[in-house]
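Visitor: Got a sequence here, can you model it:
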Amino acid sequence: MNIYVIMKRTFDTEERIQVENGTIKSEGVEYIINPYDEYAIEEAIVLKEKHGGEVTVVTLGEEEAEKELRTALAMGADKAVLIDSEELEEIDQYSTATILAAYLKDKNPDIILAGNVAVDGGSGQVGPRVAEMLGIPQVTAITNLTVDNGKALIIHDVEGDEETLEVSLPVLVTSQQGLNEPRYPSLPGIMKAKKKPLTTLELDDLDLEEDDVKAKIEKIDTFLPPKKQQGKVLEGELNNQVQQLVSLLKTEAKVI
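Guide: From the prediction side, this is the model:
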């Protein structure tokens with residue numbers, strides 16, 4: 001099988017995010033593979049182990065993203081590709097999807113896996129946009145995947161329930177929590193990863209110009225949500241608590 005994984009480098013989920021002058025401060029911040037993309041990488045490796053083939057992990061980012069790509073290689077991926085975004089001033093979901101689709105269009109993938117969302121942006125747009133640009137089916141938020149005889153049997157989340165679909169390959173799927181348990185890179189895997197190919201590409205290599213991937217969204221501002229006010233504990237008999245609650249909803253919360 002020819003398997004591709006779309007990966008993103010994101011803030012560690014345990015990092016305390018700080019915003020200064022409308023920009024997220026990145027100095028001294030720890031970065032990781034987007035957790036939902038880890039499910040995609042693991043599932044790709046499982047498919048390779050069962051059906052044979054090759055797993056290529058691709059990301060759009062700057063040179064620092066090589067660290068996360070090497071982690072994916074240590075997990076068991078065969079190749080990694082970094083598409084350099086350093087010269088791009090602004091990137092949105094359209095930009096990212098256009099660049100990734102340009103890379104994937106002539107790769108003849110059997111299956112493309114991505115994370116359901118990125119924990120930093122949370123839009124969930126890139127995977128579906130790539131599928132649309134490539135003209136292949138897509139299934140999002142999957143929790144189970146079986147491939148056999150050129151078809152994929154997929155279970156995915158639908159508003160608190162689940163749905164089972166059968167799709168012909170090629171297909172793009174986005175991975176949800178519960179799909180699998182991502183493996184930790186082993187020491188032999190880390191050593192092997194140092195010798196596995198990691199290719200860096202520029203926009204020119206994809207026959208793209210900056211105007212072709214110009215962001216469609218303009219960022220106006222970035223700010224943290226307001227701090228939550230301290231809660232109040234109502235005391236006394238139940239009837240008295242109800243009266244206090246109604247009064248607070250009228251005078252303070254102003255919702256009734």
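Visitor: make it CA atoms for all contacts and neighbour counts henceforth
Guide: Will do.
Visitor: So which bits of the longest helix seen in the chain are buried?
Guide: For the chain, the helix with the greatest residue count under DSSP state H is helix 35-51. The neighbour-count check on helix 35-51 (16 or more other CA atoms under 10 Å) flags 35-45, 47-48 as buried.
Visitor: and it, what does it pack onto?
Guide: Under the contact definition 3 or more CA pairs under 8 Å, 6 or more residues apart in numbering; DSSP states H and E, helix 35-51 sits against strand 2-7, strand 54-61, strand 111-115, strand 171-175.
Visitor: what is the rounded mean pLDDT of the strand ranked longest in the chain?
Guide: Ranked by residue count under DSSP state E, the longest strand found in the chain is strand 138-148. Strand 138-148 carries an average pLDDT of 94.
Visitor: which neighbours does that strand have in its sheet, and in what orientation?
Guide: If you go by DSSP bridges, strand 138-148 pairs up with strand 151-158 (antiparallel), strand 171-175 (parallel).
Visitor: Output that strand as PDB, restricted to C-alpha atoms.
Guide: Presented in PDB, the C-alpha positions along strand 138-148 are these (Å, rounded to 0.1, in the frame of the first residue of the first chain):
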ATOM      1  CA  GLN A 138     -13.100  11.600   2.600                       C
ATOM      2  CA  VAL A 139     -14.300  10.300   5.900                       C
ATOM      3  CA  THR A 140     -13.700  12.400   9.100                       C
ATOM      4  CA  ALA A 141     -13.400  11.600  12.800                       C
ATOM      5  CA  ILE A 142     -12.800   7.900  12.200                       C
ATOM      6  CA  THR A 143     -12.500   5.400  15.200                       C
ATOM      7  CA  ASN A 144     -12.000   2.200  13.200                       C
ATOM      8  CA  LEU A 145     -10.500   1.300   9.900                       C
ATOM      9  CA  THR A 146     -10.300  -1.900   8.000                       C
ATOM     10  CA  VAL A 147      -8.900  -2.200   4.400                       C
ATOM     11  CA  ASP A 148      -9.500  -5.100   2.100                       C
END
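Visitor: Run through who's touching that strand.
Guide: Outside strand 138-148, the residues within contact range by CA atoms under 8 Å, 6 or more residues apart in numbering are 47, 116, 128, 131, 152-157, 171-180.
Visitor: Since that was my last question, I'll sign off now.
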